[in-house]
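Novice: my questions concern the predicted model and sequence given below.
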Amino acid sequence: MSGPEPRIRFDRVSVSFPTPRGELKVVDNVSYSIANGDFVSIIGPSGCGKTTMMNLVAGFVNPSSGTVTLDGKTVTGPGPERGVIFQEYGVFPWLTVEQNIAFGLTLGANRVAQEEIRSICARYMRLMGLSDFAQAYPKALSGGMRQRLAIARAYAVKPQFLLMDEPFGALDAITREEMSECLLDIWERTHKTIVLVTHSIDEAVFLSREVHVMGTGPARIIETLPITLPHPRTEESYSAPGFATAEARLRSLLIESHKRGRR
């Protein structure tokens with residue numbers, strides 16, 4: 001890809017896991033890169049290895065062959081510069097909204113002074129529309145609000161990269177669109193690098209600058225599709241001609257991938 005110098009690189013990466021029937025290869029010879037400030041989505045059929053691709057960047061999984069590098073250094077494990085958000089919200093039910101956001105700021109390399117913690121919490125509660133719920137516990141929040149809280153907590157520790165695995169998968173369609181708009185607004189303000197794993201074609205087109213389409217058996221990138229919709233993206237972006245074109249191309253690629261997976 002052209003533009004900024006890539007910060008994350010996959011170089012001929014393969015991943016295999018042992019099974020009672022022998023070695024199972026789940027990722028096969030994948031090479032691609034992610035530039036600083038990009039919003040990249042990974043989309044593909046269920047079970048194709050999308051989450052494994054994200055886990056390689058997060059450092060939760062190591063390649064069986066090839067390398068994943070961050071700023072030229074091999075990724076060997078998790079690091080504070082990479083925040084991860086999962087579908088299950090990932091918030092602590094025994095802590096209030098403010099305490100959840102503050103939690104990471106009290107640990108290790110992310111530790112900051114108490115006065116700064118209050119300032120950071122106030123900022124992200126404001127950005128995520130949670131200021132009126134600072135002392136509420138997660139059980140009092142809707143699903144969308146809990147996911148906004150998870151994003152606020154991840155952003156509060158100032159990661160350079162945000163890795164998201166189906167973060168809106170448990171939400172209803174309207175709340176999911178609202179969360180997409182919220183996430184895109186935060187990304188346009190902060191210019192963090194985001195890698196999103198999703199099953200949703202609309203979500204991938206609306207949010208991304210680039211979409212990597214995964215094939216099955218084992219996982220590989222079958223096409224990388226640039227998304228050229230202008231920013232800022234709004235509800236009207238869904239009806240733009242470029243949106244329909246990108247959506248149709250992704251749908252065609254996924255249908256073909258499903259057919260190949262059944263052969």
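Specialist: Received, thanks.
Novice: from now on I want contacts and neighbour counts done on CA atoms only, so please keep to that.
Specialist: Will do.
Novice: what helices or strands is the stretch of helix or strand Ala204 belongs to leaning on?
Specialist: Per DSSP states H and E, Ala204 falls inside helix 201-207. Judged by 3 or more Cα pairs under 8 Å, 6 or more residues apart in numbering; DSSP states H and E, helix 201-207 is in contact with strand 39-43, helix 173-190, helix 241-262.
Novice: of these, which stretch is the most buried?
Specialist: Highest mean neighbour count of the helices and strands packed on helix 201-207: strand 39-43, a mean of 25 (counted as mean count of other Cα atoms under 10 Å).
Novice: mind giving me the packing neighbours of the next helix or strand after that one?
Specialist: As assigned by DSSP H and E, the chain's next helix or strand after strand 39-43 is helix 50-58. In terms of contacts (3+ Cα pairs under 8 Å, 6+ apart), helix 50-58 is packed against strand 82-85, strand 161-165, strand 193-198.
Novice: how about the ones you listed in TSV, adding mean neighbour count, distance to Arg123 and mean pLDDT?
Specialist: Listed next are those as TSV, based on neighbours: other Cα atoms under 10 Å; distance: least, Cα to Cα, whole Å; pLDDT from 0 to 100:
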stretch	mean neighbour count	distance to Arg123	mean pLDDT
strand 82-85	21	18	88
strand 161-165	23	18	91
strand 193-198	24	20	93
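Novice: distance to Ile186 added to those strands, as JSON lines?
Specialist: Formatted as JSON lines, those follow (distance: least, Cα to Cα, whole Å):
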{"stretch": "strand 82-85", "distance to Ile186": "15"}
{"stretch": "strand 161-165", "distance to Ile186": "12"}
{"stretch": "strand 193-198", "distance to Ile186": "11"}
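Novice: contact partners of the helix holding Ala204?
Specialist: Residues from elsewhere that reach helix 201-207 (Cα atoms under 8 Å, 6 or more residues apart in numbering): 39, 41-43, 177, 180, 184, 198, 211, 227, 233, 237-238, 243, 246-247, 250-251.
Novice: over to stretch 79-99?
Specialist: 58-59, 100, 109-110, 121, 125, 130, 133-139, 146-147, 149-151, 154-155, 158-170.
Novice: just the buried members of the residues you listed?
Specialist: 58-59, 100, 121, 125, 130, 133-134, 137-138, 146-147, 149-151, 154-155, 158-168 (16 or more other Cα atoms under 10 Å).
Novice: just to revisit the earlier point, dump the helices and strands packed on helix 201-207 to TSV, plus mean pLDDT.
Specialist: TSV is the format used below for the helices and strands packed on helix 201-207 (pLDDT from 0 to 100):
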stretch	mean pLDDT
strand 39-43	95
helix 173-190	86
helix 241-262	85
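Novice: alright, I will stop here.
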